Structures are given as structure tokens and as C-alpha cells.
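Trainee: based on what follows, work out the 3D shape:
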Amino acid sequence: MLFTDETERPVNVLTGDTPEYSQASVDEVRAFAAGIDRDTPQIALPASVEAQIETASKPYTAAAFFHFKVTGSLKRHRAYHAAYNSDRFSVEFKADYESGNLTITVEEKDC
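Mentor: Numbering: from 1, shown residues only. Predicted coordinates:
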């Protein structure tokens, strides 16, 4: 599951407010993920409430688009990673932060 507007955020029990650092919009998250300069494209995943509180950090974190938390298994993570690094396959992905869905398409290239 990707970060969405429904991502759980901490609430101050004394005030009932969400801390400033835990507030983020889908547009902010989309820009964050697009702005990461790495060889492997990144997506934004929800940060745990515990991590947000302990580090006073944003409610999202970066991960490679084929991260096992999104693909559902280490086996699929490794398969997508291998395909992405291969010259034999074309790998594309679409991160939909409104729905929280990630679509990964792998096609074998014509040799």
C-alpha cells in the first residue's frame, strides 16, 4: 500500500491535533517521490505512527518501487528487481497515491 490521504497519523492526546510534522498531502508525497535522485525510481510508503512520533518525521518514507512491502513478498521483490536491472526486460510502474495502488508492468524486449 502506498501513502494516501488515509495514511494513519499520530494524534496528540492532550489537544486532539495531528502534529505539524505528520501532516502531508498526496501532492507533497508525489513531489517527494519524484524528486529523489537515485538510479532506481522511488515511491512513497507510509511511515509507521511510531516512527513519526519517535523521529518527528513526515508520515511517509522512500523505497524502491519494487519494495517487498508493496509487492507483497520477497520473491516478487527480487523478481522485479532482477527484471529492472536486466537489459532483457522493460519495467514500468505507476504509483497511484489517491487509491494507494501500484501497478508494475514487465515486458520482455524484442531481441
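
Trainee: if I look at Asp5, how far off is Tyr97?
Mentor: Distance of Asp5 to Tyr97, given as CB to CB, to the nearest Å: 8 Å. To be clear about C-beta, it is placed using only N, CA and C from the backbone, and glycine gets the same treatment.

Trainee: between these two, which is the more surrounded one?
Mentor: Tyr97 (22 against 11; other CB atoms under 10 Å).

Trainee: for the more buried one, what are its contacts?
Mentor: Leu2, Phe3, Thr4, Val26, Val29, Arg30, Ala44 (CB atoms under 8 Å, 6 or more residues apart in numbering).

Trainee: buried sites along stretch 1-21?
Mentor: Buried positions in stretch 1-21, judged by neighbour count with 16 or more other CB atoms under 10 Å: Leu2, Phe3, Thr4, Thr7, Arg9, Pro10.

Trainee: most widely separated two among the contacts of Tyr97?
Mentor: Within the contacts of Tyr97, Thr4 and Arg30 form the most distant pair, 11.1 Å apart (CB to CB).

Trainee: all strands for this structure, in order.
Mentor: 42-46, 60-64, 89-96, 101-108 (DSSP state E).
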